[in-house]
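In: the following block contains a protein sequence and its predicted model.
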Amino acid sequence: MSSTPDVTTGQESPVSRNGRMQGIAYGALLCLGAAGLLLTINQTFNLGVLGFQPLGNAFLYYLIGLFLAAAFLCFPARGLSDRPVPWYDWLLALAALSASVYLGINGLRIIQEGWEYSAPTVATIASGVMLMLVLEGVRRCGGGLLLAVALFFGAYPLFAEHMPGMLWGTGYGFSDLIRAHVIGMESIIGIPMQVVANLVIGFVVFGTALTVTGGGRFFMELAIALMGRSRGGPAKVAVLSSAIMGSLSGSVISNILTTGTITIPTMKKSGYPAHYAAAIEACASTGGTLMPPVMGAVAFIMASFLGVAYAEVMIAAFLPAVLFYLALLFQVDNFAARKGLEGLPASQIPKLGTTLKDGWPYLFSLGMLIYMLLFMRLESFAPYYATLVLLAIAAFRRRSRLNLKRGLQLLYELSSGVANLVAILAGISLVVGGLSYTGVAGAFTRELLQYAGGSVPLMLAAGAITSFILGMGMTVSACYIFLSILLAPALVEAGLNPLASHLFILYWGMLSYITPPVSLAAITAAGIAGAKPGKTGIFAMRLGSILFVLPFLFVINPALVLQGDLGQVLLAAGTAVMAMWLAASALEGYLYRVGCLGWSLRALTAFASMALIYPEPFSDLAGVGLVALIYLGSWLHALRHGNPGAGLGGRLVPGRKA
């Protein structure tokens, strides 16, 4: 059984090469994926191959048809299946292709003749078929709850005019609504699908090419070379490698299943308890979806909703992601210091120079991607250029060149991954359409502002709870899209920074990955570690507790998302790093140059961390003063006991031994 990562949601796609994806089904999937990729490249670079250059809406219909058909071949109607693709899935795939081809051929007429409002009977039937196929696709790839959400809000215009108060909206007839969802520009072929077609597929290509040519192995070795020797080295390797791989794939579960199978056993051997090792990997993999440069498709959707370049989202997300990983590194280091855990043996650590010499093509292509995103602003073209450079360099290296086997693997992972992506986002786009057509989204924003009475803390608390609850049953992208329409405008109208408000929703939507009762990342990691899922989830929540705080930090202080002048950003970054260090020390009960902390000093350290978190000069001074007091008290205690080096050397505190 092999599985394909879903770069949008961070969930694993249940695609099997055993049984279902064999023979003609496997060949058909590759053909559909190749056709979709070639169509996207033709459109992105405006090549006009053989004079074929469909209009925007026609291009989207063709793309949806190809990858929706691929989804019906990849994903069984129920559970995981090793049996061959049944006849009805072939029929659904053919129906998806037929409906999309009809709509694509008539793309120009749809616009010129206003088919959204009045269309031929055949067009309405084709739209109905496409709508039913989209609903089935989101059920297979996103689950029953996501289907229920898409169905309810997609059908909302049918009864919106009968709803009371802020829930009232413009009503639609049944046929009118079908045409609006499929032919209109606000629903199935709206912003989420436009983002997939114009941006995300290219980044999926780059991430897949990087992995297939050996990039995953290189980044793991690089993490070991950098962090392996330090105390608690295996845990730090897990944090660093998962951050790098997660930033490229945007997939939480895929990250755990790839890096975790190496890092978790190594952590256990070095002395970390099974549940703690699994929790570290779960948190590190979850944070990878927040780490630039790729971050998953939701970041591209965010850029489109905000009307900004993707580079701006990437820059804004950088410092919060770094703070999260610093907090993780501080915690695992403090745990190792408290327990006396050492690093990896020298024999298991590759030389940094040799590692960089072997893996420079991956760093070069990644650096090229970042340069083109940040400085050249070539979001659509950058991943394709970076992939070409990577494959060209790999062609001269026997162990990484793209031979037939690797080429088929690349195409297979691309096809199944994008199929999952298209199926989910086409379905969740019905929510966007339903709320847009009725006008309920705007009314909800106004009412929310009114009920909150202008209280920003109350709105943030309500938004956090809503995001967290929705994140339990919906994919991250679905949760974000839903709340970016309903909640984000209210936060922005309340005076909060737009980028920070949207990132706030994204962060809280992801917390369900490490928080019981769902904690999908923790459960997956616990399976690898042989630990109890419940206990792993509790420790993952503790290790990742900074994720509960960070969103409030950068909403209150936009300098943490690099919005402001250089002085403000540097001050905010410095105090935030110090706050993360103190929070990690309080959580693990160990402070550098002091040693193990009793409960009273842990509480004082936590209070100092909270003081530094609040963006006020007096609060910062109070936090620094508390830290100085802790160190002074530790030194005086050691001096009183005739061991002046203990307080500053990191071994003794009142009443406890390290």
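Out: It's in. Just so you know, these numbers come straight off a predicted model, no measurement behind them.

In: can I take it that residue 396 is in a strand?
Out: No - Residue 396 is assigned coil when assessed by DSSP: H, G, I helix; E, B strand; the rest coil, not a strand.

In: ok, it to residue 387 distance?
Out: Using Cβ to Cβ, to the nearest Å, residue 396 is found at 16 Å from residue 387. Placement of C-beta: from N, CA and C, glycine included.

In: same question for residue 214.
Out: 14 Å.

In: next one: phi and psi at residue 86?
Out: When read as degrees, to the nearest 10, the backbone of residue 86 gives phi -70, psi 170.

In: what of residue 485?
Out: Its backbone dihedrals place residue 485 at phi -80, psi -40, with angles given as degrees, to the nearest 10.

In: what about the stretch 201-350 of the chain, any weak spots by pLDDT?
Out: Regions of the stretch 201-350 of the chain meeting the criterion pLDDT under 70 cover residues 250.

In: re the thing from before, more crowded one of residue 214 and residue 387?
Out: Set residue 214 next to residue 387 and count neighbours by other Cβ atoms under 10 Å: residue 387 wins out with 22 against 19.

In: hang on, isn't the more buried one packed against residue 204?
Out: No - counting by Cβ atoms under 8 Å, residue 387 sits too far from residue 204 to count as a contact (10.2 Å).

In: stretch 246-256: how far from the chain's middle?
Out: Relative to its chain's centre, stretch 246-256 lies at 8 Å (Cα atoms, centre = their mean, to the nearest Å).

In: start to end distance for that stretch?
Out: This stretch, stretch 246-256, spans 9 Å end to end (Cα to Cα, to the nearest Å).

In: if you count neighbours, what's buried in it?
Out: By neighbour count on 16 or more other Cβ atoms under 10 Å, the buried set for stretch 246-256 is 246, 247, 248, 249, 250, 251, 252, 253, 254, 255, 256.

In: in helices only, show me those.
Out: Members of those lying in helices (criterion: DSSP state H): 246, 247, 248, 249, 252, 253, 254, 255, 256.

In: and stretch 501-519, average pLDDT?
Out: The pLDDT scores in stretch 501-519 average 84.

In: with just CA atoms, put that stretch into CSV.
Out: Taking C-alpha atoms only, stretch 501-519 is exported to CSV below (Å, rounded to 0.1, in the frame of the first residue of the first chain):
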residue,chain,number,x,y,z
SER,A,501,-6.6,38.1,10.6
HIS,A,502,-6.4,35.5,7.8
LEU,A,503,-3.4,33.8,9.4
PHE,A,504,-5.3,33.8,12.7
ILE,A,505,-8.0,31.7,11.1
LEU,A,506,-5.5,29.4,9.4
TYR,A,507,-3.6,28.7,12.6
TRP,A,508,-6.6,27.9,14.7
GLY,A,509,-8.1,25.7,12.0
MET,A,510,-4.9,23.5,12.2
LEU,A,511,-4.9,23.0,15.9
SER,A,512,-7.2,20.0,15.6
TYR,A,513,-4.3,18.0,14.2
ILE,A,514,-2.6,18.0,17.6
THR,A,515,-5.5,18.5,20.0
PRO,A,516,-7.8,15.7,21.3
PRO,A,517,-10.3,14.3,20.6
VAL,A,518,-9.4,14.4,16.8
SER,A,519,-5.5,14.9,16.9
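
In: off-centre distance for that stretch?
Out: The answer for stretch 501-519 is 10 Å, by Cα atoms, centre = their mean.

In: show me where the chain has strands.
Out: Applying DSSP state E to the chain gives strands spanning 4-5, 12-13, 590-591, 595-596, 652-653, 656-657.

In: how deep is residue 121 tucked in, by neighbour count?
Out: 8.

In: kindly provide the distance from it to residue 65.
Out: Distance from residue 121 to residue 65, counting by Cβ to Cβ: 21 Å.

In: do the same with residue 261
Out: Residue 261 is 36 Å from residue 65, by Cβ to Cβ.

In: cool, and residue 629?
Out: 67 Å.

In: who's more crowded, the two?
Out: Of the pair residue 629 and residue 65, residue 65 is the one with more neighbours under other Cβ under 10 Å, namely 27 against 12.

In: next up, the contacts around that one.
Out: 96, 97, 99, 100, 101, 104 (Cβ atoms under 8 Å, 6 or more residues apart in numbering).

In: 6 Å instead?
Out: Contacts for residue 65 (Cβ atoms under 6 Å, 6 or more residues apart in numbering) come out as 96, 97, 100.

In: nearest to residue 527 among the residues you listed?
Out: residue 96 (34.3 Å; Cβ to Cβ).

In: do you know how far the closest residue to residue 47 other than its chain neighbours is from residue 198?
Out: Leaving aside its sequence neighbours, residue 47 sits nearest to residue 41 (Cβ to Cβ, 6 or more residues apart in numbering; 7.2 Å). Distance of residue 41 to residue 198, computed by Cβ to Cβ: 12 Å.

In: from the buried residues of stretch 246-256, which is closest to residue 192?
Out: residue 250 (14.9 Å).

In: residue contacts, residue 389?
Out: 365, 368.

In: ok, it to residue 201 distance?
Out: Distance of residue 389 to residue 201, computed by Cβ to Cβ: 18 Å.

In: next: residue 457.
Out: 40 Å.

In: so these two - more neighbours on which side?
Out: residue 201 (28 against 10).

In: I'd guessed the more buried one sits against residue 40; true?
Out: Yes - Residue 201 is in contact with residue 40 according to Cβ atoms under 6 Å; the separation is 5.0 Å.
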